[in-house]
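**Student:** requesting a structural model of the entry that follows:
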Amino acid sequence: MKSIHKLIEIFKLSVLNIESVPESFSSEVYKLTLNNLDNVYVKIPYNRDKLVREFEMLERLKGVIPVPKVLDFWDGDNRSVGALLLSAIDGMPCTSNIDQSLAFQIGNYHAMLHEVTMPAYGCYGSDGFQMVENNSWRLYLKNNFEKWKEPCKELLHPDLFEKCITHFDSVYSALPEPDGPCVVHMDFRPGNILIKDNEVVGIIDYESARGGSSEIDFTKINRYVWEVNPLTRLPYVQGYESVRPLLDLEAIIPFYSFYDAFSAVVWCKTRGIENNKAFLQESIEVLQRSIEGMN
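**Tutor:** Got it, this is the predicted structure:
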């Protein structure tokens, strides 16, 4: 809480109320009610790369899809990574029931996001835009998996770990050619989709967004929307395809469900097992189902 008071001074704000925003897994986020009763948000990312990435992506997407406006930007100092002052969007995360009308809109906006091109496969960070090795999306995936093996080995049962190593090769080799590079959100899930009166009014949280293949961006919609209510998949697809062609989901989802869960195990280790036990268990269960589904 100490940091937010410093930022209030830096951004020269007259504040009536400070409210910590829950479910902000990688960043500190505060909702501020100003003396004029307007609401704004202050976001303090986990590291400086995420700060720069969020800023660059919000600027790139301005006027394309509904995103928060960057009202101010603090570059940080030797003790702080910096912060963003963001406009408030009048809406709530769509974490309750998603009907077919809303699913169509979500697909529509997701496609609009993927229509935004990037200079290469890669991401923004404190050193500017960093292209992945050889500008190869497939090599990028493989290199990530190699990097994650050691930390995953410490947390997974030896039998499950060995099966994961074998499983990666089989699902990786079945992937079709990637599209892109386009903007991919990397955390496109109901909690980051804001709605009001059953209309999508905002898409938030771009600290992990980058230039990639759209294929990586359907994993969480599949897990948290389509698997919860299968009737939402067709209208989502129709909404998406009203803007751009959709990749072969049956060819990519098995790989990315596995890849995302393997990555999440590493994330839990990095951010602390004790604080992320539920997410770690969920990720391990996804790995187990992925392997069983191929047998």
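
**Student:** so which residue is smack in the middle of this structure?
**Tutor:** The centroid of the chain falls nearest to Asp187 when counting by CA atoms, centre = their mean (1.8 Å).

**Student:** what sits against that one?
**Tutor:** Going by CB atoms under 8 Å, 6 or more residues apart in numbering, Asp187 touches Asp205, Ser208, Lys220. The way it works is simple: take the backbone N, C-alpha and C, and place the C-beta from them, glycine included.

**Student:** quick check: the last one vs Ile284, distance?
**Tutor:** Going back to what we said before, that points to Lys220. From Lys220 across to Ile284, the span is 17 Å (CB to CB, to the nearest Å).

**Student:** ok, and the most crowded of the contacts of Asp187?
**Tutor:** Within the contacts of Asp187, most neighbours by other CB atoms under 10 Å means Asp205, with 24 neighbours.

**Student:** per-residue pLDDT, the residue nearest to that one when sequence neighbours are not counted?
**Tutor:** Of all residues not flanking Asp205 in the chain, Asn192 sits nearest, at 4.6 Å (CB to CB, 6 or more residues apart in numbering). pLDDT for Asn192: 96.

**Student:** residue contacts, Asn192?
**Tutor:** Counting by CB under 8 Å, 6+ apart, Asn192 makes contact with Pro93, His185, Ile203, Ile204, Asp205.

**Student:** hang on, isn't the third one packed against Pro68?
**Tutor:** No - no contact is recorded between Ile203 and Pro68 when judged using CB atoms under 8 Å, the distance being 9.3 Å.

**Student:** got a quick ChimeraX command for the buried subset of the contacts of Asn192?
**Tutor:** The following ChimeraX line selects those of the contacts of Asn192 that are buried, judged by 16 or more other CB atoms under 10 Å:
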select :185,203,204,205
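
**Student:** could I get the contacts of Asn192 as TSV with pLDDT?
**Tutor:** Listed next are the contacts of Asn192 as TSV, based on pLDDT from 0 to 100:
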residue	pLDDT
Pro93	94
His185	98
Ile203	98
Ile204	97
Asp205	96
